[in-house]
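A.B. asks: I need the structure of the sequence given here:
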Amino acid sequence: MTTPKGGTASVPCTSYAAVIGAVLTAAREAIGASQPDVAGAASVTASTWSRVERALSALNCDQLAAVAPALGTTPGELARRADAVAATLRSRGVDVTASRESAAESIARGRVPIGRDAILAAARGPGAEGEP
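C.D. replies: Below you'll find the predicted structure:
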């Protein structure tokens, strides 16, 4: 934990939506698919898919069920991977929350959002760039 000069300790944080987005990105990249390819399977635009991967939008259950086979997996496996990534991040002291909040809201609460690259590295697993 970092402690700003004269301040309290900050806790690194992310949202579960960011973890899901990273898992979806890693799954898409693992099969060499483009965002437009996967977006079509989920019946969303490529722009919306990009927002899903960046945790700015969410898929509904029907969309998740439709896109999972296009990613070569099942909705349950995607959820299992997200839970595993969240557990990995928590083991590293990252607070993974159910709600999304702005960076300003997090900082005001003494929390520091971690970067998307750190979440992606955890989603890609051991041996991935930036992952021990």
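A.B. asks: can you pull out the helices in this structure?
C.D. replies: Counting by DSSP state H, the segments of the chain that form helices are 16-30, 35-42, 46-53, 61-70, 75-91, 103-108, 116-124.
A.B. asks: ok, and what's touching the fifth one?
C.D. replies: Same thing as helix 75-91. 14, 16, 19-20, 22-24, 26-27, 61, 64-65, 68, 71, 96, 114, 119, 122-123 (CB atoms under 8 Å, 6 or more residues apart in numbering). In short, each C-beta sits where N, CA and C put it, glycine included.
A.B. asks: which of those residues are buried?
C.D. replies: 14, 16, 19-20, 22-24, 26-27, 64, 68, 71, 96, 114, 119, 122-123 (16 or more other CB atoms under 10 Å).
A.B. asks: worst-scoring helix or strand of the chain, pLDDT-wise?
C.D. replies: helix 103-108 (a mean of 80; mean pLDDT, DSSP states H and E).
A.B. asks: who touches that one?
C.D. replies: Here helix 103-108 has contacts from 10, 13, 112-113, using CB under 8 Å, 6+ apart.
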